[in-house]
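Q: this one's sequence-less:
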């Protein structure tokens with residue numbers, strides 16, 4: 001097992017360290033789904049599949065490789081902005097429920113705010129519309145909360 005750090009991968013050996021093992025892991029023995037040598041999940045081999053299943057699996061592998069290439073070719077700022085938009089959409093959906101799901105909307109709003117606060121300057125032209133969206137969400141949250149408080 002290894003841990004990724006900005007300086008590279010660092011090997012982590014937890015096999016003899018039960019104090020830091022996840023709850024319930026001590027004394028269980030090796031995970032039958034994990035390959036002890038590589039730490040990878042064991043699964044069926046392509047050799048175990050029928051010709052049709054193998055063709056489908058190979059097509060899926062090829063498609064996954066293409067998606068990875070597309071992600072690698074896309075600027076990280078664009079991908080981060082896209083994920084930030086997901087927080088915006090999540091908050092909007094939670095606020096549009098009847099009654100609004102304020103706690104869940106607040107989590108999404110806080111996540112969007114945290115992303116913009118920490119990396120916003122590196123998002124380029126996507127920063128302004130994301131900040132505007134955050135402000136709209138915050139205003140909608142307050143207005144809906146006040147309306148709900150007035151109704152009760």
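A: Happy to help now that I have it. The model shown is predicted, which means the values in this text are computed figures rather than measured ones.
Q: contacts, neighbours, all on C-alpha from now
A: Fine.
Q: ok, residue 149 - how many residues close by?
A: Residue 149 is flanked by 9 other residues according to other C-alpha atoms under 10 Å.
Q: and what of residue 115?
A: Residue 115 has 15 neighbouring residues, counting by other C-alpha under 10 Å.
Q: show me the strands in this structure, by range?
A: Secondary structure of the chain (DSSP state E): strands at 2-5, 8-11.
Q: mean pLDDT lowest where, among those?
A: With a mean of 67, strand 2-5 has the lowest mean pLDDT of those.
Q: what pLDDT does the model give residue 33?
A: For residue 33, pLDDT reads 51.
Q: the one 4 residues further on now?
A: Residue 37 carries a pLDDT score of 57 in this model.
Q: and for residue 47?
A: Reported pLDDT for residue 47: 79.
Q: now the closest residue to it other than its chain neighbours: how far from residue 98?
A: Distance criterion C-alpha to C-alpha, 6 or more residues apart in numbering; nearest residue to residue 47, sequence neighbours excluded, is residue 54 at 7.9 Å. From residue 54 over to residue 98 the distance is 47 Å, taken as C-alpha to C-alpha, to the nearest Å.
Q: show me the helices in the protein, by range?
A: All helices of the chain, identified by DSSP state H, fall at 51-73, 76-95, 102-119, 127-151.
Q: got CSV for those helices, with distance to residue 45 and mean pLDDT too?
A: Below are the helices of the chain laid out as CSV (distance: least, C-alpha to C-alpha, whole Å; pLDDT from 0 to 100):
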stretch, distance to residue 45, mean pLDDT
helix 51-73, 9, 92
helix 76-95, 33, 97
helix 102-119, 40, 97
helix 127-151, 45, 93
